[in-house]
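Undergrad: Structural data only, the sequence is not supplied:
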């Protein structure tokens, strides 16, 4: 068991390193000069050289990477080119907001997806299964930003029930309905895709497992529905957990459009702004943090799986 | 067992067997499929006395496993139509309520599956799986159930049984898994064991050990058993009576010695000629040509006639009835016509 954990951990290090190198170099693969965004178009060659030296952009790219990585490991992701503030602090503010949104959207999406998936899996092949599967495909296929705009049009504009933009009436976040109400529309919008994906995975897992011989074996020894379901749940848990882990990663990283539609000040909005302003240190830092989050989530999923499946534990 | 009222007697009961545990009458099973109804079992009748072992023999698709699963109502209800009657231990299995059915399954009748690596839950320990079945049928505490699970494992002579309680199925060998499966089936002391090719998935050397163990425990406990197999050697070893199935019908039945020593039905004869067990050294082993008929489109008359070397024109006219014939019962127009009938004691 312990060896398994060490092995998983050892796998993560090279992945994290590769991800960081990719994050760093991605920006250089994109066309355009990062300096053009901050410098006036008529800047002299000297000024350009000066700014380049200030940001360390005059050195070879591998050297820049090593320096950047060394600082990143100490929590220093550099300064934003557009506003001069520390990138780490900017991300720190944004990630709390994104996490709040992602956790609520995940709870909504995973609960709904798992429930509907179990129902559809038990009713495999019936009209109910077909109806639920259609809803799930719609949930996955509908573009988020469109769904967001429709929800705003209905609940904010038409019914005037929920706020359409921002993360609160101002001031620091407190747990009150007034603040919470700002979370609802973006969270519902964001939950549509994971709900659909989790539903479809769970449906397939339940339907497949119900057909397996050990379920017949349970019935043949006289076990009731509740016991059969307990066995079923334990068998599909490791795979369902992996799907959920990946989806949680997407929720953190993939909320650019939703955060932009709702002007939710999270990492997605930050990323959007960084791209628009060609703010390279901010872009690199944000992508790095999100990628590391993804790696961490997968590590957690890997660590949790053997709790459900003894075949992973002892092999 | 308790003097079940029977309307009609299964043919082939050439021995008086007063204490009937199970009685199946005109069992037929049809599955709905896109190609139309699949006639998997077509009017099967047999009786089983207490302590008796019946072997159901036939090729894949002859309806033997389906018959076995019907006896426990394990077939998917939405796609299956079952007709006929199944009486086990004086209870009509076809009309059992959900609660009584769960008492019957595992309690009165237990099943041993073909492949224990599929039929056991991979993520629960052997001990958990036996103990939960015990607790389903008997009102005992967790620790008592565990103690009884240990007894069951010791009964099937699993080495270091106490440690095996906490083993998962994937940590055991095939033979040991099948022993655990037998322990699970026998832990509730059922009156009827249904064994679906219980040794097919095992190594040849382990097969005979598991078989003899099963036979020994069955005799010790006085349990009845229905043994599905395509292996005539296995059938000869452990069955008291044999029923040979073809295309969902019993085509020949009688005591094991009778049927195996003097098979009357051309299908039984062909089966025996195609096995190594039945042949003498130097004698040619003949394969059985052709394949079983499509159960969605059964031919008129005798279903075996397309593969039968002795088929005559009359074989296409009517399905041959299973009639008492020379010591046992056979469903073949040709055999019935060519061999003298012998009186069967009532």
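TA: That came in fine, so what should we check first? Keep in mind that what you see is a predicted model, and the values were worked out from it rather than measured.

Undergrad: Show me what from chain A comes close to chain B.
TA: Proximity of chain A to chain B, by C-beta under 8 Å from any C-beta of the partner chain, involves residues A:212-214, A:216-224, A:227, A:231, A:234-235, A:308-311, A:314. C-beta coordinates here come from the backbone N, C-alpha and C atoms, glycine included.

Undergrad: Show me where the chain dips below the pLDDT cut-off.
TA: All of this refers to chain A. A:27, A:30-38, A:169-172, A:253-254, A:313-315 (pLDDT under 70).

Undergrad: was after chain B, sorry
TA: B:1-19, B:276-286, B:326, B:339-346.

Undergrad: which helix is the longest one in it?
TA: helix B:204-221 (DSSP state H).

Undergrad: returning to that earlier point: could I have the ChimeraX command that selects the buried members from the residues of chain A next to chain B?
TA: A single ChimeraX command selects the buried members of the residues of chain A next to chain B (16 or more other C-beta atoms under 10 Å in any protein chain shown):
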select /A:213,214,216,217,218,219,220,221,222,223,227,231,235,308,309,310
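
Undergrad: So which of the residues of chain A next to chain B are in helices?
TA: A:213-214, A:216-220, A:227, A:231, A:234-235, A:308, A:310-311.

Undergrad: from these, which two are the most distant?
TA: A:220 and A:308 (24.3 Å; C-beta to C-beta).

Undergrad: who's in contact with stretch B:305-312?
TA: Contact with stretch B:305-312 is made by B:266-267, B:270, B:288-290, B:293, B:299, B:302, B:315-316, B:333-334, as judged by C-beta atoms under 8 Å, 6 or more residues apart in numbering or on different chains.

Undergrad: Now the buried members of those.
TA: B:266, B:267, B:270, B:293, B:302, B:315, B:333, B:334.

Undergrad: check which helix or strand covers residue B:42.
TA: strand B:38-49 (DSSP states H and E).

Undergrad: Partner strands of that strand and their direction?
TA: Applying DSSP bridges, strand B:38-49 is found paired with strand B:20-31 (antiparallel).

Undergrad: Now do the contacts for the residue lying closest to residue A:266 once chain neighbours are set aside.
TA: Nearest residue to residue A:266 in three dimensions, chain neighbours excluded: residue A:98, at 3.3 Å (C-beta to C-beta, 6 or more residues apart in numbering or on different chains). Counting by C-beta under 8 Å, 6+ apart, residue A:98 makes contact with A:252, A:255, A:259, A:264, A:266, A:267, A:268.

Undergrad: count of neighbours near the residue nearest to residue A:143 when sequence neighbours are not counted?
TA: Distances taken as C-beta to C-beta, 6+ apart place residue A:257 nearest to residue A:143, at 7.8 Å, with adjacent residues excluded. Residues within reach of residue A:257, counting by other C-beta atoms under 10 Å in any protein chain shown, total 17.

Undergrad: so residue A:257 sits right up against residue A:144, yeah?
TA: Yes - assessed by C-beta atoms under 8 Å, residue A:257 is found in contact with residue A:144 at 5.3 Å.

Undergrad: Indicate whether the helix or strand hosting residue B:175 makes contact with chain A.
TA: For residue B:175, the host element (DSSP H and E) is helix B:174-186. Yes - for helix B:174-186, a contact with chain A is found by C-beta under 8 Å from any C-beta, at B:184, B:185.

Undergrad: Next, the buried residues of that helix.
TA: B:175, B:176, B:177, B:178, B:179, B:180, B:181, B:182, B:183, B:184, B:185, B:186.

Undergrad: what angle sits between that helix and helix B:204-221?
TA: Relative orientation of helix B:174-186 and helix B:204-221, computed by axes from the mean of the first three to the mean of the last three C-alpha atoms, to 10 degrees: 20 degrees.

Undergrad: Strands of chain B, start to end?
TA: B:20-31, B:38-49, B:53-57, B:80-88, B:91-92, B:109-112, B:192-196, B:224-229, B:241-246, B:249-255, B:323-325, B:328-330 (DSSP state E).

Undergrad: The fifth one pairs with which strands, and in what direction?
TA: Note on strand B:91-92: by DSSP bridges, its sheet partners are strand B:80-88 (antiparallel).

Undergrad: export the contacts of stretch B:305-312 to a markdown table and tack on distance to chain A?
TA: A markdown table is the format used below for the contacts of stretch B:305-312 (distance: C-beta to the nearest C-beta, whole Å):
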| residue | distance to chain A |
| --- | --- |
| B:266 | 35 |
| B:267 | 29 |
| B:270 | 31 |
| B:288 | 28 |
| B:289 | 32 |
| B:290 | 30 |
| B:293 | 27 |
| B:299 | 31 |
| B:302 | 33 |
| B:315 | 38 |
| B:316 | 38 |
| B:333 | 38 |
| B:334 | 40 |
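
Undergrad: Next to chain A, which bits of the stretch 1-150 of chain B? Give me the list.
TA: B:72, B:74, B:102-107, B:110-111, B:113, B:115, B:118-125, B:132-133, B:136-137.

Undergrad: how about 6 Å then?
TA: B:72, B:74, B:102, B:105-107, B:111, B:118-121, B:123, B:133, B:136 (C-beta under 6 Å from any C-beta of the partner chain).

Undergrad: Which residue is the nearest non-sequential neighbour of residue B:295?
TA: For residue B:295, the spatially nearest residue (C-beta to C-beta, 6+ apart) is residue B:38, at 4.8 Å.

Undergrad: Please list all residues in contact with the one you found.
TA: Counting by C-beta atoms under 6 Å, 6 or more residues apart in numbering or on different chains, residue B:38 touches B:31, B:295, B:296.

Undergrad: Return the distance of the first one relative to residue B:39.
TA: Separation of residue B:31 from residue B:39 (C-beta to C-beta, to the nearest Å): 9 Å.

Undergrad: Compare neighbour counts for those two and give me the winner.
TA: residue B:39 (22 against 18).

Undergrad: Please work out how many residues are found near the closest residue to the more buried one other than its chain neighbours.
TA: Nearest residue to residue B:39, sequence neighbours excluded (C-beta to C-beta, 6+ apart): residue B:295, at 5.2 Å. Residue B:295 has 23 neighbours, counted by other C-beta under 10 Å.

Undergrad: got a list of what residue B:295 touches?
TA: B:38, B:39, B:40.

Undergrad: List just the nearest of those residues to residue A:1.
TA: residue B:40 (46.7 Å).

Undergrad: so what's the closest residue to chain A within the stretch 201-346 of chain B up against?
TA: Per C-beta to the nearest C-beta, residue B:201 is where the stretch 201-346 of chain B lies closest to chain A, at 11.3 Å. Residue B:201 sits next to B:114, B:115 when contact means C-beta under 6 Å, 6+ apart.

Undergrad: Next one: it from residue A:46, what distance?
TA: 82 Å.

Undergrad: Residue A:28 now?
TA: 24 Å.

Undergrad: Between those two, tell me which one has more neighbours.
TA: The neighbour comparison of residue A:28 against residue A:46 (other C-beta under 10 Å) goes to residue A:28, with 11 against 8.

Undergrad: helix or strand for the more buried one, which one?
TA: Residue A:28 belongs to helix A:2-29, assigned by DSSP H and E.

Undergrad: Only the buried residues of that helix, if you could.
TA: A:4, A:8, A:16, A:19, A:20, A:23, A:24.

Undergrad: Quick check: next helix or strand after it?
TA: Next along from helix A:2-29, by DSSP H and E: helix A:45-54.

Undergrad: Can you give the distance from that following helix to the centre of its chain?
TA: Chain-centre distance of helix A:45-54: 38 Å, with C-alpha atoms, centre = their mean, to the nearest Å.
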